[in-house]
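sequence below, structure please.
(one chain, ligands or ions: 1)
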Amino acid sequence: MDIPAEKLTRDVIFRIAAKGDAPALAAAYLENREYLAPWEPRRPENFFTVAGQQTVLDDRLRQCAEKRTVPWVLESADGRIVGTTTLSGIVLGPFRSACLGYWIAAGHQGRGLATAAVEAVCRVARETVGLHRIEASTVLDNAGSQRVLAKCGFEHIGTAPRYLAINGTWRDHRLFQRILHDDAPTP
Ligand SMILES: CC(C)(COP(=O)(O)OP(=O)(O)OC[C@H]1O[C@@H](n2cnc3c(N)ncnc32)[C@H](O)[C@@H]1OP(=O)(O)O)[C@@H](O)C(=O)NCCC(=O)NCCS
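Residues are numbered from 1 along each chain as shown. Model (predicted):
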């Protein structure tokens, strides 16, 4: 998939993850470990190492080549990774849907980065990936993430009990979707 990099702000670039990003990703996850813990699956220790991130990244890039996942990073001018956004579980055919995930580093919140990144993902999902729908989910009390989704045109479609293991517990989630267009389905 040919997905060009774009500027989200004056000093943050939004681009597809590259094979060489593992050291910057490991540094970012280590730095944001405690801050992200309440909102993410529990991670094994090696997730916070360069080798562990290389394994995750290689898997995502392989899935990207197969058009099953699109992994983006938000990179600041000093080369640090300050967030990621991922479209995963891409299904084409009559469904044309995928799941959206994202996080923004602790020191970079509240600048509109998540909103800008999710808007960019929706555009690429429609124009380049050929999707009709994106789904996202948040734990019930993630007000920040729910606000990002609302700002980006996602609608609340229900609550799924014990939907996903977050920080070691099966947590109820609010489910959201955005329908990207109403064009006639293509075969
Ligand atoms: C949730 C998160 C992605 C928001 O990122 P961000 O870049 O700060 O979001 P934005 O700057 O685009 O803000 C979008 C809106 O959300 C609001 N918002 C952000 N965090 C908020 C919070 N904790 N509580 C209430 N509103 C919040 C902002 O005020 C803004 O609304 P406004 O324009 O009406 O003022 C970020 O805080 C984060 O990564 N959190 C930890 C991981 C996480 O929750 N990931 C998502 C899992 S579903």
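
quick one: residue 105 and residue 75 touch, right?
No. Residue 105 is beyond contact range of residue 75, at 11.1 Å (criterion: Cβ atoms under 8 Å). All C-beta atoms are positioned from the backbone trio N, CA, C, and that covers glycine.

what's the closest non-adjacent residue to residue 117?
Excluding the flanking residues, the one nearest residue 117 by Cβ to Cβ, 6 or more residues apart in numbering is residue 85, at 4.7 Å.

quick revisit: need the overlap of contacts for residue 105 and residue 75.
Common neighbours of residue 105 and residue 75 are listed as 81, 82 (criterion: Cβ atoms under 8 Å, 6 or more residues apart in numbering).

wait, is the residue nearest to residue 117 part of a strand?
Yes. Under DSSP: H, G, I helix; E, B strand; the rest coil, residue 85 falls within a strand.

correct me if wrong: it contacts residue 102.
Yes. Contact criterion Cβ under 8 Å: residue 85 and residue 102 qualify, at 4.3 Å.

now do the shared contacts for those two.
117, 118.

more crowded one of residue 105 and residue 75?
residue 75 (23 against 20; other Cβ atoms under 10 Å).

now do the same contact list for the more buried one.
Shown in contact with residue 75 (Cβ under 8 Å, 6+ apart): 12, 13, 14, 15, 24, 81, 82.
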